[in-house]
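Visitor: any chance you can model this:
(chains A, B, C and D)
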There are 2 protein chains.
Amino acid sequence: MPENPVKQAIARCREVGLRRTKALEELITTLIEADRPMTLAELASSERLSDQCDKATVYRLLQRLCEHAIIRRLGLHERAAFFTLLQPGKHSDYLICTGCGKIESIKAPCPVHKLEDEIREKTGYRGLYHELEFFGTCPKCA
Amino acid sequence: MPENPVKQAIARCREVGLRRTKALEELITTLIEADRPMTLAELASSERLSDQCDKATVYRLLQRLCEHAIIRRLGLHERAAFFTLLQPGKHSDYLICTGCGKIESIKAPCPVHKLEDEIREKTGYRGLYHELEFFGTCPKCA
DNA sequence: GTAATTGCAAATACTTTGCCACGTA
DNA sequence: TACGTGGCAAAGTATTTGCAATTAC
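Guide: Numbering: from 1, shown residues only, chains lettered A, B, ... in the order given. All right, here's what the predicted structure looks like:
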């Protein structure tokens, strides 16, 4: 039974020593409801957070959550950084339209695990993970 | 016979209608000599370019070259964008240390072409390409 | 000659920090 | 109570643009 993912994420936050604040709850909830990577600006101005707390607060929350590997910061080519919640057992690659900027999750089985293992062995890098993005022009923009 | 890659790249520039300026030559040469993705700031302050032209010029050159798919802008998680020369038949994935920021090219055969083909068919995206990065802590930083 | 390109300076955009007040454990 | 957290405002860093002067074709 997949328990409430918001509660799961907050539990992970508590485990690493973060305090359970209203802002934290709303941030996690927002990320889960959106089910897509979001920018600091988007989050800070979102319904749940805009009148809940300052942008600096969201910024520092994101920072803490990144440090503890509860969320991840993604490149994705925009000027602003994107953040996505890490959920155990879930991994997403992305399909991004270079025209309108639309970002889709690709849930398809990711074909790079084998290469990742090879790299881990050959290079001795620790905590290895990857990010895979496909870029192109979506049918609407074409 | 692999002809001089600088000349090749400049030839491609000419084909798409760009003028052959000193700045263009030095920019291309710098990217090829470095053989790694570079940021606007790095390029603008590089030996070949710093007293050759203004940062705005480099910026606009990079922009034009991107539009014509002669270079590519990469995310790579730093705050600044990275740029890399596209060379026909060459594709690189990257291994990046989250500690010191070192960026290595992975020349290993890239395992995502098949998935890329599937996505092209299923989604109808045009001009599809991908970017694959591995992140971790390098032995030195660990 | 004409349109693309450039330099300089100013404007944006996004991120990051300082400092003191506040709330959670 | 003590220390993590939050608000507000200011600073920092990277990017982007306007406009007149210059240069490649």
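Visitor: for residue A:53, give me its contacts.
Guide: A:22-23, A:26 (C-beta atoms under 8 Å, 6 or more residues apart in numbering or on different chains). Where C-beta positions appear, they are placed from N, C-alpha and C, glycine not excepted.
Visitor: so is it in a helix, a strand, or just coil?
Guide: Assigned by DSSP: H, G, I helix; E, B strand; the rest coil, the conformation of residue A:53 is coil.
Visitor: with residue A:12 instead?
Guide: Of the three states, residue A:12 takes helix under three-state DSSP.
Visitor: spatially nearest residue to it, not counting backbone neighbours?
Guide: residue A:70 (5.5 Å; C-beta to C-beta, 6 or more residues apart in numbering or on different chains).
Visitor: I figured the one you found hits residue A:84, correct?
Guide: No: counting by C-beta atoms under 8 Å, residue A:70 does not reach residue A:84; the two are 10.6 Å apart.
Visitor: quick one, phi psi at the most centrally placed residue in chain A?
Guide: The residue lying closest to the centre of chain A (C-alpha atoms, centre = their mean) is residue A:84, at 1.0 Å. Phi and psi for residue A:84, reported as degrees, to the nearest 10, are phi -140, psi 140.
Visitor: pLDDT value on it, please?
Guide: pLDDT recorded at residue A:84 is 96.
Visitor: tell me what it is bridged to.
Guide: Per DSSP bridges, the residues bridged to residue A:84 are residue A:72.
Visitor: show me the contacts for the residue nearest to residue A:12.
Guide: A:9, A:12-13, A:16, A:85-86.
Visitor: how long is stretch A:91-105 end to end?
Guide: 9 Å (C-alpha to C-alpha, to the nearest Å).
Visitor: what is the rounded mean pLDDT of that stretch?
Guide: Here the average pLDDT along stretch A:91-105 is 91.
Visitor: hang on, the earlier thing: okay if I get the contacts of residue A:70 as CSV plus distance to residue B:60?
Guide: Formatted as CSV, these follow (distance: C-beta to C-beta, whole Å):
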residue, distance to residue B:60
A:9, 43
A:12, 45
A:13, 44
A:16, 45
A:85, 38
A:86, 38
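Visitor: who wins for neighbours among the residues you listed?
Guide: Neighbour counts for these (other C-beta atoms under 10 Å in any protein chain shown) peak at residue A:9, which has 24 neighbours.
Visitor: quick one: which helix or strand includes that one?
Guide: Residue A:9 is located in helix A:5-15, with elements delineated by DSSP states H and E.
Visitor: what's that helix packed up against?
Guide: Helix A:5-15 sits against helix A:22-34, with contacts defined as 3 or more C-beta pairs under 8 Å, 6 or more residues apart in numbering or on different chains; DSSP states H and E.
Visitor: and the helix it packs on, how far out from the chain's middle?
Guide: 12 Å (C-alpha atoms, centre = their mean, to the nearest Å).
Visitor: just the buried positions in it, please.
Guide: Burial within helix A:22-34, assessed by neighbour count using 16 or more other C-beta atoms under 10 Å in any protein chain shown, is assigned to A:23-31.
Visitor: quick one: it near DNA strand C?
Guide: Yes: Helix A:22-34 lies within reach of DNA strand C by C-beta under 7 Å from any atom of the strand, at residue A:22.
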